[in-house]
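here is a sequence with its predicted model. Questions after.
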There are 2 protein chains.
Amino acid sequence: MNIGEAAKASGVSAKMIRYYESIGLIPTAGRTGSGYRVYSPTEVQMLRFIRRSRDLGFPVEKIEELLALWRDRTRQSADVKRLALEQVDGLERKVHEMQAMIDTLRHLADVCCGDHRPDCPILADLEAGQSGPTAQRRPTGLVQQS
Amino acid sequence: MNIGEAAKASGVSAKMIRYYESIGLIPTAGRTGSGYRVYSPTEVQMLRFIRRSRDLGFPVEKIEELLALWRDRTRQSADVKRLALEQVDGLERKVHEMQAMIDTLRHLADVCCGDHRPDCPILADLEAGQSGPTAQRRPTGLVQQS
DNA sequence: CTTGACCTTCCAACCGTGGGAAACCCTACA
DNA sequence: TGTAGGGTTTCCCACGGTTGGAAGGTCAAG
């Protein structure tokens, strides 16, 4: 199984497979005589594991821990659960932060009549530079734009 | 007012002020004879505007539009409102995505007894690679980890 | 005149992903 | 046997937004 087939089977792009190998998240793949990477079903399964973990928002750093637990047959499920709940915590913090932004923006949009005239409470708020009713104390940098 | 004072007064770090200038978000600042950047209250206000917009999650690209509207005295408040509501839409999409992750993780954590034994439905789910009950169809890359 | 706190520019890193170039490899088909 | 097309390899670059640091110039107080 070469990298393209492994990519298709796992849902992880070939680019990312090489990247994960380069950062040591997955072990160095075997090679054919001509230098092509070769993947076994076990390795494809590991890639699917990574893919699914990414889909659940885990950063690569945490996936490293998850993979270690996955490989460790003497693991304690409590450790896995802890990681999952930490992830929930982090996600919830970000959700709350974004919800505060949404609330502020919605409020501002509500009081903006949105017509042809230039008067706009949204711009007035931005200009004032003071936090609105639901705004954040300090920007934690958790929210990224796409 | 030099860059450090402008940073303190606006809440935007000196580093970021230089960055915003380099990407053309703000006009080139004036300079003293010795090359120090100089800022007027108007420019500090613009920086505060930017800071507040970032706090509300606007990407720099959108802030450019907001600043243009801010400067344009013949603007139509409808344009500002549209930008705000687009931002709300984007944020809500991300929130829903993250909420789906949270729901999945919470469910998995609920059915994991979290004790000293190795059996763990969380790892089993990750291994299966199939989307759980609340999972996302495709990862849109909207959610970043801190 | 020195000291420390500022400022300048430049370069690198973070995270995860995609794009692309230049070169090589493999298979199918003529 | 040649060739065309799809792989594959490594490499560097870009994104967004922010921070860090190094090397050097400047300002104000002592």
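Everything's here; your move.

would you mind naming what in chain A lies close to DNA strand C?
By Cβ under 7 Å from any atom of the strand, the residues of chain A that approach DNA strand C are A:13, A:15-16, A:19, A:32-36, A:54, A:59-61. Every residue, glycine included, has its C-beta placed from N, CA and C.

what separates stretch A:54-66 from the chain centre, distance-wise?
Using Cα atoms, centre = their mean, to the nearest Å, the mean C-alpha position of stretch A:54-66 is found 8 Å from that of the whole chain.

sorry, that was for stretch A:76-86
Using Cα atoms, centre = their mean, the offset of stretch A:76-86 from its chain centre is 18 Å.

one step back: in JSON lines, list the residues of chain A next to DNA strand C along with pLDDT.
Output for those, formatted as JSON lines (pLDDT from 0 to 100):
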{"residue": "A:Ser13", "pLDDT": "97"}
{"residue": "A:Lys15", "pLDDT": "96"}
{"residue": "A:Met16", "pLDDT": "97"}
{"residue": "A:Tyr19", "pLDDT": "96"}
{"residue": "A:Thr32", "pLDDT": "96"}
{"residue": "A:Gly33", "pLDDT": "94"}
{"residue": "A:Ser34", "pLDDT": "94"}
{"residue": "A:Gly35", "pLDDT": "95"}
{"residue": "A:Tyr36", "pLDDT": "97"}
{"residue": "A:Arg54", "pLDDT": "95"}
{"residue": "A:Pro59", "pLDDT": "95"}
{"residue": "A:Val60", "pLDDT": "95"}
{"residue": "A:Glu61", "pLDDT": "94"}
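
next, the contact list for A:Leu126, please.
Listed by Cβ atoms under 8 Å, 6 or more residues apart in numbering or on different chains, the contact partners of A:Leu126 are B:Phe49, B:Arg52, B:Ser53, B:Leu56, B:Leu66, B:Trp70.

helix, strand, or coil at the residue nearest to the spatial centre of chain A?
Centroid check for chain A by Cα atoms, centre = their mean gives A:Gly57 as the closest residue, at 3.7 Å. Following DSSP: H, G, I helix; E, B strand; the rest coil, the label given to A:Gly57 is coil.

tell me the phi and psi of A:Ser31?
Just to correct that, residue A:31 is Arg rather than Ser. Main-chain torsions, A:Arg31, degrees, to the nearest 10: phi -130, psi 150.

so what's it bridging to?
Applying DSSP bridges to A:Arg31 gives these bridge partners: A:Arg37.

so it touches A:Arg37, yeah?
Yes - the criterion here is Cβ atoms under 8 Å, and A:Arg31 meets it with A:Arg37 at 6.1 Å.

neighbour count: those two, which is higher?
A:Arg37 (19 against 10; other Cβ atoms under 10 Å in any protein chain shown).

residues in contact with the more buried one?
Listed by Cβ under 8 Å, 6+ apart, the contact partners of A:Arg37 are A:Asn2, A:Ile3, A:Ala6, A:Ile17, A:Arg18, A:Glu21, A:Ala29, A:Gly30, A:Arg31.

near DNA strand D too, which of the residues of chain A next to DNA strand C?
A:Gly35, A:Tyr36.

so chain A: which segments form each domain?
Using automatic domain parsing, the domain parsing of chain A gives A:3-57, A:93-128.

surely A:Leu83 is in contact with A:Glu64?
No - using Cβ under 8 Å, A:Leu83 is not in contact with A:Glu64; the gap is 10.7 Å.

remind me which residues of chain A are low pLDDT?
Applying pLDDT under 70 to chain A flags the ranges A:129-146.

closest residue of it to DNA strand D?
Residue nearest to DNA strand D within chain A: A:Gly4 (2.5 Å; Cβ to the nearest atom of the strand).

if we can go back for a sec, which residue is the nearest non-sequential neighbour of the residue nearest to the centre of chain A?
Nearest residue to A:Gly57, sequence neighbours excluded (Cβ to Cβ, 6 or more residues apart in numbering or on different chains): B:Met101, at 4.8 Å.

that neighbour and A:Pro41, how far apart?
When distance is defined by Cβ to Cβ, to the nearest Å, B:Met101 is 27 Å away from A:Pro41.

so which of these two has more stuff around it?
B:Met101 (23 against 10).

surely A:Ala7 meets A:Ser13?
Yes - counting by Cβ under 8 Å, A:Ser13 is a contact partner of A:Ala7 at 5.6 Å.
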